[in-house]
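[1] Below: sequence and its predicted model.
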Amino acid sequence: MSGGVEWGLHCCVVLSGAGAPVPAAKLAELHDVSQSYLAKQLQLLSRAGLVRSSLGQAGGYVLTRSASEITVLDVIEAIDGAQPAFRCTEVRQRGPLATPAERCDTPCPIARVMAAADRAWRESLRGITIADLVADVSRTTPAEQLDRARAWLRA
């Protein structure tokens, strides 16, 4: 999983409570990350329909729907794509003791295990929304720090 996923999730959490569009430069400064790097992640989120940008002095990024309707998996797939993390290359068909392709009539046991793990991982992340993350951040972050962050975003 790329580092862009982490930044994308953080941005979605921030945008869910911002109350107004937040410029990419402000998000980059808040997270102490390169503006050009973050802009790429925001573009990917935009292409996936999770955020949209508006131009002008009051412009910036906003979520396109409620934080309770955007899952962690949505963000991961927007940034890293939907392909499985593991790709079987049929190792059993290689080397001096290779099994002929015609004898490989069932999926490799390793590929089966990895596919099952990928399905479980995706199902788990499909069940967690940005709103769930926001609630957890609210529970675990001191209120004064959250207030300072909201004020900083408005400034």
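    Good, I have the coordinates.
[2] Every contact and neighbour count from this point should use C-alpha atoms.
    Noted.
[3] packing partners for the helix or strand Val14 falls within?
    In the assignment (DSSP states H and E), Val14 maps to helix 3-16. Contacts defined by 3 or more C-alpha pairs under 8 Å, 6 or more residues apart in numbering; DSSP states H and E place helix 3-16 against helix 35-47, strand 60-63, helix 72-80, helix 130-140.
[4] What are the contacting residues of the shortest one?
    Right, strand 60-63. Under the contact criterion C-alpha atoms under 8 Å, 6 or more residues apart in numbering, strand 60-63 has outside partners 12, 15-16, 20-24, 50-54.
[5] and if we set it to 6 Å?
    Under the criterion C-alpha atoms under 6 Å, 6 or more residues apart in numbering, residues 15, 21-23, 50-54 lie in contact with strand 60-63.
[6] are any of those buried, and which?
    With burial judged by 16 or more other C-alpha atoms under 10 Å, the buried subset of the contacts of strand 60-63 is 15, 21-23, 50-53.
[7] Val5: which of those residues is nearest?
    When the buried ones among the contacts of strand 60-63 are compared for distance to Val5 (C-alpha to C-alpha), Leu50 wins out at 13.2 Å.
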